[in-house]
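Visitor: sequence plus predicted model, see below.
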Amino acid sequence: MEQVLNIIKNETLTYNQQILQLAGQAESTLNVLNIDEETQSLLDKEIICTMFEGNAPYRPRYIIPNYEVLMEKGCKFLDLEPPTDIWEATNSLLILYKHVPSITSYPVYLGNIDTLLEPFVKDEEEAYKAIKLYLKHIDRALTDSFVHANIGPIDTKAGRLILKAMKDLQCAVPNLTVKYDKDLTSKEFAKLCAQTALVTAKPSFANHKMDVIDFGTENYALASCYNGFIIGGGGYTLVRLVLSRLAQNSESVEDFLENKLPFAAKKMLTYIDERIKFLVEEAAFFKSNFLVKEGFIKQELFTGMFGIVGLAEAVNHLLNATNKEDRFGHSKEANDLGIKIIETLNNIVTSYKSKYVDCFNKSHVLHAQVGIDTDTQISPGCRIPVGEEPELFEHILQSAPYHKYFFNGIGDIFVFEETYKNNLEAIINVIDGAFDSGIRYTSVYSDSCDVVRVTGYLVKKSEVAQLESGNAVKNNATIFGMNAKNGAKAFDRRLRK
């Protein structure tokens with residue numbers, strides 16, 4: 001009762017934000033999952049973290065519709081015919097987005113929007129007006145920067161207009177990724193992407209060549225923060241293992257690797273399946289939702305997500321590493337232990353087969369989770385802690401070996417000084433070198449940006465200041481960004497000069 005009243009009285013929340021939080025309170029009154037005592041103990045110690053998904057899963061966490069279905073067939077449920085021009089195309093997409101749920105209640109994937117809109121770009125001036133209004137509508141109506149669109153890898157007129165509009169609007173929503181392959185993406189288009197990123201912290205760059213190999217198809221998507229899925233599928237649920245807390249409950253490196261880690265991982269995999277069981281067998285979504293019935297999504301393309309955070313802190317604790325030269329990101333011993341931990345986890349997760357997963361060899365997938373706003377002294381995924389970053393080339397080479405294990409999502413963020421805006425070739429060279437080294441996903445922005453990347457999502461520094469002064473802001477993610485700024489030093493990354 002007190003929590004409900006606090007939400008109702010909170011002047012920093014918009015009406016829609018209050019509705020979402022009140023809905024979460026209602027769901028938390030249910031207990032429908034069968035959880036054994038050992039798993040419950042891990043949950044109580046916050047070694048296993050539920051990511052605030054609630055006690056009764058009634059929709060998948062992440063849904064990745066195939067929007068080509070809308071372009072080719074329209075939507076019977078929404079009474080939409082296939083679009084014939086740029087205005088109908090953008091309007092139909094905006095209508096459909098309102099009916100695509102997720103853990104945030106907003107769509108986490110908007111489509112490969114350049115290829116969706118390219119057939120309708122006839123007059124570029126008219127198309128730019130339509131695309132700019134489309135993106136402005138998304139920012140004002142889908143007020144959550146986990147809303148995510150893709151462009152690339154091919155240079156298109158629509159892609160260029162999207163980048164121009166993103167640069168002009170400088171909005172935190174939607175998030176944006178370019179699928180980049182130096183052998184497919186024109187150098188000019190890559191530079192436009194880098195130019196836009198240095199102004200508005202997007203697009204991020206995804207290693208298209210690597211992703212095509214790992215997904216086994218070009219028909220993949222990057223959603224939410226940087227979550228990779230096959231288009232038409234998605235993620236049932238995301239549960240995360242907080243490695244730093246597990247390490248604190250371990251007596252030694254051997255105890256951690258041989259006992260504590262396998263035990264906690266197997267309990268978490270069983271818990272993931274328990275959540276999926278209720279969603280698939282009891283909840284109505286996959287039985288009745290029009291997205292399933294009309295072929296926008298297929299259950300057989302969904303998987304569970306095994307998230308991890310705090311690798312750096314786990315390694316440092318297990319090695320009792322206090323001096324910088326001995327710590328994760330700097331010491332060969334520490335980096336080797338980090339790889340051994342991830343290899344051990346990868347073997348456990350890929351060996352576990354779920355009756356609810358038909359893709360990815362029937363396995364749940366590893367995900368380097370970006371953190372939550374209440375994390376303190378817990379670094380996202382496999383990242384080096386903020387404030388301890390080495391030189392740029394050392395940072396890239398240290399991070400790259402981890403990326404091959406996380407096709408469902410892993411990324412690094414680099415902040416460049418203002419002068420790089422006059423040397424876009426240097427940014428592309430860094431990205432090419434990173435991708436050649438095995439980096440899967442990277443984000444860049446400049447120190448002068450108002451829009452900044454917190455961990456995997458975007459906020460505006462000006463809106464964080466507004467929220468800190470006690471005023472409501474439209475982007476739901478801003479509250480997470482404010483807490484991450486203060487608790488995880490997310491605005492204090494090393495500046496690359």
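Guide: In hand now; what should we look at? Residues are numbered from 1 along each chain as shown.
Visitor: show me what counts as buried in stretch 278-288.
Guide: Under the neighbour-count criterion of 16 or more other Cβ atoms under 10 Å, stretch 278-288 has Phe278, Leu279, Val280, Ala283, Phe285, Phe286 buried. Heads up, the C-betas are built off the backbone N, CA and C, glycines and all.
Visitor: let me have those in CSV, adding distance to Ile47 as columns.
Guide: Putting the buried residues of stretch 278-288 into CSV (distance: Cβ to Cβ, whole Å) gives the following:
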residue, distance to Ile47
Phe278, 22
Leu279, 23
Val280, 26
Ala283, 27
Phe285, 29
Phe286, 30
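Visitor: among these, name the ones in helices.
Guide: Secondary structure from DSSP state H places Phe278, Leu279, Val280, Phe285, Phe286 of those in helices.
Visitor: residues in contact with Asn358?
Guide: I think there's a mix-up here, since residue 358 is Asp and not Asn. Contact partners of Asp358, counting by Cβ atoms under 8 Å, 6 or more residues apart in numbering, are Gln299, Glu300, Leu301.
Visitor: could you do Ala472 as well?
Guide: Ala472 makes contacts with Glu11, Thr12, Leu13, Thr14, Gln17, as judged by Cβ under 8 Å, 6+ apart.
Visitor: now, which of the residues you listed lie within helices?
Guide: Using DSSP H, the contacts of Ala472 in helices are Gln17.
Visitor: turn the contacts of Ala472 into CSV, including pLDDT, distance to Asn34 and neighbour count.
Guide: Formatted as CSV, the contacts of Ala472 follow (pLDDT from 0 to 100; distance: Cβ to Cβ, whole Å; neighbours: other Cβ atoms under 10 Å):
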residue, pLDDT, distance to Asn34, neighbour count
Glu11, 90, 40, 7
Thr12, 88, 38, 16
Leu13, 90, 34, 19
Thr14, 89, 37, 15
Gln17, 89, 32, 20
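Visitor: which of the contacts of Ala472 sits closest to Val430?
Guide: Nearest to Val430 among the contacts of Ala472, counting by Cβ to Cβ, is Gln17 at 37.5 Å.
Visitor: measure that closest one to Ala56 for me?
Guide: According to Cβ to Cβ, to the nearest Å, Gln17 stands 21 Å off from Ala56.
Visitor: go on, Ala127?
Guide: If you measure Ala127 against Ala56 using Cβ to Cβ, the figure is 44 Å.
Visitor: flag the shaky bits of the stretch 301-450 of the chain, pLDDT-wise.
Guide: Scanning the stretch 301-450 of the chain for pLDDT under 70 picks out no residues.
Visitor: okay, the residue sitting furthest away from the middle of the chain: pLDDT?
Guide: Largest separation from the mean C-alpha position in the chain: Asp123, at 34.1 Å (Cα atoms, centre = their mean). Listed pLDDT for Asp123 reads 98.
Visitor: can you report phi and psi for it?
Guide: The phi/psi pair for Asp123 (degrees, to the nearest 10) reads phi -110, psi 120.
Visitor: likewise Phe414?
Guide: The phi and psi values for Phe414, taken as degrees, to the nearest 10, are phi -130, psi 130.
Visitor: wait, it sits on Ser443?
Guide: Yes - judged on Cβ atoms under 8 Å, Phe414 makes contact with Ser443 at a distance of 7.3 Å.
Visitor: for the stretch 51-200 of the chain, which segments count as helices?
Guide: Taking DSSP state H, counting those that start in this stretch, the helices of the stretch 51-200 of the chain run over residues 68-73, 86-97, 113-117, 124-141, 157-169, 187-200.
Visitor: mind putting those in CSV, mean neighbour count included?
Guide: Listed next are those as CSV, based on neighbours: other Cβ atoms under 10 Å:
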stretch, mean neighbour count
helix 68-73, 16
helix 86-97, 20
helix 113-117, 24
helix 124-141, 18
helix 157-169, 20
helix 187-200, 21
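Visitor: out of these, which is closest to Glu37?
Guide: Using Cβ to Cβ, the nearest of the helices of the stretch 51-200 of the chain to Glu37 is helix 86-97, at 42.4 Å.
Visitor: any idea how far that closest one is from the chain center?
Guide: Offset of helix 86-97 from its chain centre (Cα atoms, centre = their mean, to the nearest Å): 24 Å.
Visitor: re earlier: which of the buried residues of stretch 278-288 lies closest to Gly307?
Guide: Closest to Gly307 out of the buried residues of stretch 278-288 is Leu279 (17.2 Å), distances taken as Cβ to Cβ.
Visitor: check what pLDDT Tyr456 gets.
Guide: Not quite, residue 456 is Gly, not Tyr. For Gly456, the pLDDT comes out at 85.
Visitor: the one 3 residues further on too?
Guide: Confidence per residue is given as pLDDT, and for Val459 that number is 92.
Visitor: okay, now it: neighbour count?
Guide: Look at Val459: counted by other Cβ atoms under 10 Å, it has 29 neighbours.
Visitor: contacts only, for it.
Guide: Ser145, Ala172, Val451, Val452, Asn475, Ala477, Thr478, Phe480, Gly481, Met482.
Visitor: pretty sure the first one sits against Val173.
Guide: Think Ser145. Yes - the pair Ser145 and Val173 qualifies as a contact (Cβ under 8 Å) at a distance of 4.9 Å.
Visitor: tell me, what's touching these two both at once?
Guide: In contact with both Ser145 and Val173: Leu458, Asn475, using Cβ under 8 Å, 6+ apart.
Visitor: farthest-separated two in the contacts of Ala472?
Guide: Glu11 and Gln17, at 11.4 Å, using Cβ to Cβ across the contacts of Ala472.
Visitor: need the contact list for the residue nearest the centre of the chain.
Guide: By Cα atoms, centre = their mean, the mean C-alpha position of the chain lies nearest to Cys225, the distance being 1.8 Å. By Cβ under 8 Å, 6+ apart, the contact set of Cys225 is Phe146, His148, Asn175, Val370, Gly409, Gly411, Thr455, Gly456, Tyr457.
Visitor: which residues in the stretch 251-400 of the chain form helices?
Guide: 253-255, 261-281, 285-288, 290-293, 311-318, 332-351, 392-403.
Visitor: can you show me the CA trace of the third one as PDB?
Guide: Below are the C-alpha coordinates for helix 285-288, written out as PDB (Å, rounded to 0.1, in the frame of the first residue of the first chain):
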ATOM      1  CA  PHE A 285       0.300 -14.200 -25.200                       C
ATOM      2  CA  PHE A 286       1.500 -17.000 -27.500                       C
ATOM      3  CA  LYS A 287      -2.000 -18.400 -27.700                       C
ATOM      4  CA  SER A 288      -3.900 -15.300 -28.800                       C
END
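Visitor: state the mean pLDDT of it.
Guide: Helix 285-288 shows a mean pLDDT of 98.
Visitor: wait, what's in contact with the closest residue to the residue nearest to the centre of the chain other than its chain neighbours?
Guide: Counting by Cβ to Cβ, 6 or more residues apart in numbering, Gly456 is the residue found nearest to Cys225 once chain neighbours are left out, at 2.5 Å. Gly456 makes contacts with Ser224, Cys225, Tyr226, Val370, Pro380, Gly409, Gly411, as judged by Cβ under 8 Å, 6+ apart.
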